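>>> Mind looking at a prediction? Sequence and model below.
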Amino acid sequence: MEFAVCQTAKVFSRALIMPNLVKPVATVKQAESYKKRILEALPSDSTFQPLMTLYITAETTKEDIKQAAANEFIYAMKLFPAGATTNSASGIQSIEEIREVLEWMEKLGMVLSMHGEVVDAEVDIFDRETVFIDRVLTDLLRNYPDLKMVMEHLTTSEAVKFVEESGENLAATITPHHLHLNRNDLLSGGIKPHLYCLPIVKKESDRQALVDAATSGNPKFFLGTDSAPHPQSSKETSSGSAGIFSAHAALFLYAEIFNSVNKMDKLEGFASYFGADFYGLERNQKTITLTNEKSLIPNEFIYDEEKIIPFKAGEQTCWQVTK
């Protein structure tokens, strides 16, 4: 955690903190403890702000929602379908389990942040997002029209179109790795364990749809890295962990995409404005400056005797931050 937080805080002044630890962060008290650990891990001169979330489980109650809504540092509730990704075993099996929770979230103005996949055995892994839209998200929009929802880490052209055509209460985040990768990158010439993530990367046409959405200036799409610092030992194994570590260079990797389609003027909104606006946060007043200068991404980071292989390890990025 200390490594991931410090890498993130080098460029970003705040981040939405996911609650899927080995023991889920499911109560306000647990979130308070987690926030304290994050702040203690930062350099003494850091002004980084962790925006905390709570993990929705079958045991989550309306009282939990009331406490979260009344707390000034809880910004969203996170929905994980059980088994969808790392540390999601405590997630929900069915929306029916949490109808009252969703009603109270809608009533109190809480944001629902979603890992948008179904994990039924009969659903192909490349179709999980599309089936989630059909089976779950359509129901949520119909039954909770005033509930603000964010579909995290979008991956398909179908999802892009759905978000575009839905009302103002549905938005989505897009990761740097889903903008850079398609499934050939993951699978062609041998499986690349450090490019394995969930939701899994999709077709080139899907990647291009994500690029078009991210660079469009549409405020329904904004930055969300989904950065995950799994050690090399848990990635290069017979059952590797899902997740890509991108915090070290995420903003540079976004800039590469925006620059490649001559849309650098749209990066500030995507990175700094649209997410803050959707969550009802004040926009940051501090600025950073990106310069078009090459820098080398390390082959590895070593922390606590573990190696972490970053996204684009050993490659050059064309951007640096001048503070």
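Cool, got the structure.
>>> In this protein, where is pLDDT below threshold?
By pLDDT under 70, the low-scoring segments of the chain are 323.
>>> Residue 240 sits in which helix or strand?
Counting by DSSP states H and E, no helix or strand carries residue 240.
>>> so how far is residue 146 from the spatially most central residue of the chain?
When C-alpha atoms, centre = their mean is applied to the chain, the residue found nearest the centroid is residue 226 (3.4 Å). Distance of residue 226 to residue 146, computed by C-beta to C-beta, to the nearest Å: 27 Å. In this view, the C-beta of every residue, glycine as well, is placed from N, C-alpha and C.
>>> ok, residue 223 touching residue 174?
Yes: between residue 223 and residue 174 a contact is recorded at 7.3 Å, counting by C-beta atoms under 8 Å.
>>> okay, these two: which has more neighbours?
Using other C-beta atoms under 10 Å, the more surrounded residue of residue 223 and residue 174 is residue 174, with 26 against 22.
>>> Give me the spatial nearest neighbour of the more buried one, chain neighbours excluded.
Counting by C-beta to C-beta, 6 or more residues apart in numbering, the nearest residue to residue 174 once its immediate chain neighbours are dropped is residue 214, at 4.9 Å.
>>> That neighbour: what's it in contact with?
174, 179, 221, 254, 257, 258, 270 (C-beta atoms under 8 Å, 6 or more residues apart in numbering).
>>> For whichever strand or helix holds the fifth one, what is the distance to the chain centroid?
Assigned by DSSP H and E, residue 257 belongs to helix 250-260. The chain centroid and the centroid of helix 250-260 are separated by 17 Å under C-alpha atoms, centre = their mean, to the nearest Å.
>>> List the contacts of it.
In contact with helix 250-260 (C-beta under 8 Å, 6+ apart) are residues 11-12, 176-177, 179-180, 211, 214-215, 223, 225, 227, 246, 264, 266-267, 270-271, 290, 292, 295, 311-312, 317-321.
>>> In contact with residue 106, which residues?
So residue 106 contacts 144, 146, 147 (C-beta under 8 Å, 6+ apart).
>>> Give me the buried entries from those.
144, 147 (16 or more other C-beta atoms under 10 Å).
>>> Now tabulate the contacts of residue 106 in CSV and tack on distance to residue 232 and secondary structure.
Below are the contacts of residue 106 laid out as CSV (distance: C-beta to C-beta, whole Å; DSSP: H, G, I helix; E, B strand; the rest coil):
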residue, distance to residue 232, secondary structure
144, 42, coil
146, 45, coil
147, 40, coil
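>>> Serialize the contacts of residue 106 to CSV and add fields for distance to residue 123.
As requested, the contacts of residue 106 are exported to CSV (distance: C-beta to C-beta, whole Å):
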residue, distance to residue 123
144, 24
146, 30
147, 25
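>>> and which of the contacts of residue 106 is nearest to residue 16?
When the contacts of residue 106 are compared for distance to residue 16 (C-beta to C-beta), residue 147 wins out at 17.3 Å.
>>> What sits closest to that closest one if chain neighbours are left out?
residue 106 (4.1 Å).
>>> and stretch 11-21, how far apart are its ends?
24 Å (C-alpha to C-alpha, to the nearest Å).
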